[in-house]
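*Asks:* Output the structure for:
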Amino acid sequence: SRIFGLCRLLGGINIYDIGCGGNYQACLLYHRADITYTGIDAEENLDFDRMNKVFGRVFSTNRIRYFCDKYPCPLNILPGNAAIARRWRYHKDSAFALKRFGEAIAHDFDRLITTFDIEGYEREDMIQFWEESMPGFRAVPIGDEDLILVTKIAEDFEKMEEVNYKYGNSAFAIRSAP
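*Replies:* This is a model prediction of the structure:
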C-alpha cells in the first residue's frame, strides 16, 4: 500500500506491476477508483483468468487486470504511469540482462519503484546502476527495504518535498511542514 500511495502522490495513477506474482495486492486499490493496475508475470502456473474474473466482479470494471507475459512485452501504456518491480534477484553475471530491462523501462515508463538486487551490489551501486541504465532518469533511495525510486520527472522530487514526504517504520507518511 505504501508503494501505491507514493505512486498516487507522484501522479502515477496507471500502475504496471512487473513480476506481480499470484498475490492480490490490487485489492489495496479497492477504494481508489482513480488508479488502474496491470499485473504482468511470466509464470504460466498463475491463474490470471480467474484473477481477472474476480476483480471484474468486485470492481465492476477492468481497471484491475492481470496477464501472462515476460517483460518487455507489448503494452498499452497510459500517461501518468509507474512501473513496480520488486524482489528480483540477479547474479553479477546477469547484470547485462538487467541493463536491457532498465533500457526497456526507460523507453516505456515515467518512473520505476524497485527493489532489484544484484549479488554483491550495495544500495549505492544499485542507484548508480539504474541511472546508467536509464539515462535522463534520477534514482534515489526511499525507505529501509532497499526501495529505489527511478524517475525522469523532476517534479516528483518537488512534490515529495512540498508535502514533507517522510518514510519510516515501514510506512509512508505525509506531514505538514513545521
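
*Asks:* what stretches of this protein score poorly on pLDDT?
*Replies:* Within the chain, the stretches with pLDDT under 70 are 144, 166-178.

*Asks:* My reading is that residue 65 lies in a strand. Confirm?
*Replies:* Yes - Residue 65: assigned to a strand according to DSSP: H, G, I helix; E, B strand; the rest coil.

*Asks:* Provide the count of other residues in contact range of it.
*Replies:* 17 (other CB atoms under 10 Å). To be clear about C-beta, it is placed using only N, CA and C from the backbone, and glycine gets the same treatment.

*Asks:* Break down the protein into its helices, ranges please.
*Replies:* Using DSSP state H, the helices of the chain run over residues 2-9, 48-59, 95-108, 123-133, 155-162.

*Asks:* Deepest-packed of these, please.
*Replies:* Comparing the helices of the chain by mean neighbour count (mean count of other CB atoms under 10 Å), helix 2-9 comes out on top with a mean of 20.

*Asks:* Return the list of helices and strands in contact with that one.
*Replies:* strand 81-85, strand 111-114, strand 171-174 (3 or more CB pairs under 8 Å, 6 or more residues apart in numbering; DSSP states H and E).

*Asks:* relative orientation of the first one and helix 95-108 in degrees?
*Replies:* On the basis of axes from the mean of the first three to the mean of the last three CA atoms, to 10 degrees, strand 81-85 is oriented at 160 degrees to helix 95-108.

*Asks:* got the angle for strand 81-85 vs helix 2-9?
*Replies:* Using the same axes, to 10 degrees: strand 81-85 against helix 2-9 is 160 degrees.

*Asks:* What residues does the residue nearest the centre of the chain make contact with?
*Replies:* Of all residues in the chain, the one closest to the mean position by CA atoms, centre = their mean is residue 84, 1.5 Å from it. When contacts are counted by CB atoms under 8 Å, 6 or more residues apart in numbering, residue 84 is found next to 3, 7, 15, 16, 17, 18, 112, 113, 114.

*Asks:* So which of the helices of the chain is nearest residue 41?
*Replies:* helix 48-59 (7.8 Å; CB to CB).

*Asks:* Export only the CA atoms of that closest one, formatted as PDB.
*Replies:* Extracted in PDB, the C-alpha atoms of helix 48-59 (Å, rounded to 0.1, in the frame of the first residue of the first chain):
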ATOM      1  CA  PHE A  48      -4.800 -14.900 -14.300                       C
ATOM      2  CA  ASP A  49      -8.100 -15.600 -16.000                       C
ATOM      3  CA  ARG A  50      -9.600 -16.400 -12.500                       C
ATOM      4  CA  MET A  51      -7.900 -13.300 -11.000                       C
ATOM      5  CA  ASN A  52      -9.400 -11.100 -13.800                       C
ATOM      6  CA  LYS A  53     -12.800 -12.500 -13.300                       C
ATOM      7  CA  VAL A  54     -12.700 -11.900  -9.500                       C
ATOM      8  CA  PHE A  55     -11.500  -8.300  -9.900                       C
ATOM      9  CA  GLY A  56     -14.000  -7.700 -12.700                       C
ATOM     10  CA  ARG A  57     -16.900  -8.800 -10.400                       C
ATOM     11  CA  VAL A  58     -15.600  -7.000  -7.300                       C
ATOM     12  CA  PHE A  59     -14.700  -3.700  -9.100                       C
END
